[in-house]
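Student: pasting the sequence and the predicted model now:
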Amino acid sequence: MDARLALGVLLGGPALYAVLAWLGTVTPPLVAAGLGLMVYWGGLGAALALRADPHRLRALLPAEPPGRLIAVMLALPVLAWGAVTLRLLGDAPLPPHLLVAAALAALLHATLEELFWRGALIPRPGPRAAALALGLYWAFHLAWTGMRDVETGLSPTLAVFGPLALGGVWTASRLSSGTLGAAIMAHAGLALFLFAGTIARSLAPS
């Protein structure tokens, strides 16, 4: 595991929580969430630029088969949350430009997260390093509980423990396939439905 990146994670989680909590007091909830995501993406991008080998990261992008069982586990959350979101969008459709924005944000989010958490953080992944990275991933994502009044559709329990379960599947895909491509695709699909659903809920008349 990259010790400097791990230290950055330990410091960055509380910092992101504080930023999200502050933004929630000065901007509308959806704007605060969007700005918080931009801060997070900026941090991930800076860490990758400063600490990661770009040639090695590019080599991790292809989608190699992770195995049938893991492929099913990658697809199920996307299909399940997709069904929920598509039903919501049928009742409260989003303008095309917001759907495009959600899709681009989801692709950026998934790519940066996978390259950082399951790429640069564990340059030589093994079971122990992967487990430690997963624990850091889950602990860091508790920072998102700093968001206030953002309607994601997730129950509090799912919001807290979802990253641990999903991160476990994406980590398994990384270990099984040796690359990040399959996890990026599953991650991006789930993020698309989460972002689109959150925007739709936030814009729906109260």
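Tutor: All right, it came through fine. Residues are numbered from 1 along each chain as shown.
Student: residues in contact with the host helix or strand of residue 101?
Tutor: With secondary structure defined by DSSP states H and E, residue 101 is part of helix 96-115. Contacts to helix 96-115, defined as Cβ atoms under 8 Å, 6 or more residues apart in numbering, come from residues 37, 41, 44-45, 48, 52, 57, 60, 94, 170, 174, 180, 183-185, 187-189, 191-192, 194-196, 199. C-beta here means a position set from N, CA and C on the backbone, and glycine is covered the same way.
Student: kindly report the same for stretch 27-35.
Tutor: 20, 23-24, 26, 147-151, 198-199, 202-203.
Student: ok, 6 Å please
Tutor: Outside of stretch 27-35, the residues that reach it under the criterion Cβ atoms under 6 Å, 6 or more residues apart in numbering are 23-24, 147, 149-150, 202.
Student: just the buried ones among the contacts of helix 96-115, please.
Tutor: 37, 41, 44, 48, 52, 57, 60, 94, 170, 174, 180, 183-185, 187-189, 191-192, 194-196, 199 (16 or more other Cβ atoms under 10 Å).
Student: need the contacts of stretch 27-35 in JSON lines (columns: distance to residue 14 and neighbour count).
Tutor: Formatted as JSON lines, the entries for the contacts of stretch 27-35 read as follows, by distance: Cβ to Cβ, whole Å; neighbours: other Cβ atoms under 10 Å:
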{"residue": "23", "distance to residue 14": "15", "neighbour count": "21"}
{"residue": "24", "distance to residue 14": "16", "neighbour count": "19"}
{"residue": "147", "distance to residue 14": "15", "neighbour count": "19"}
{"residue": "149", "distance to residue 14": "21", "neighbour count": "11"}
{"residue": "150", "distance to residue 14": "19", "neighbour count": "19"}
{"residue": "202", "distance to residue 14": "26", "neighbour count": "16"}
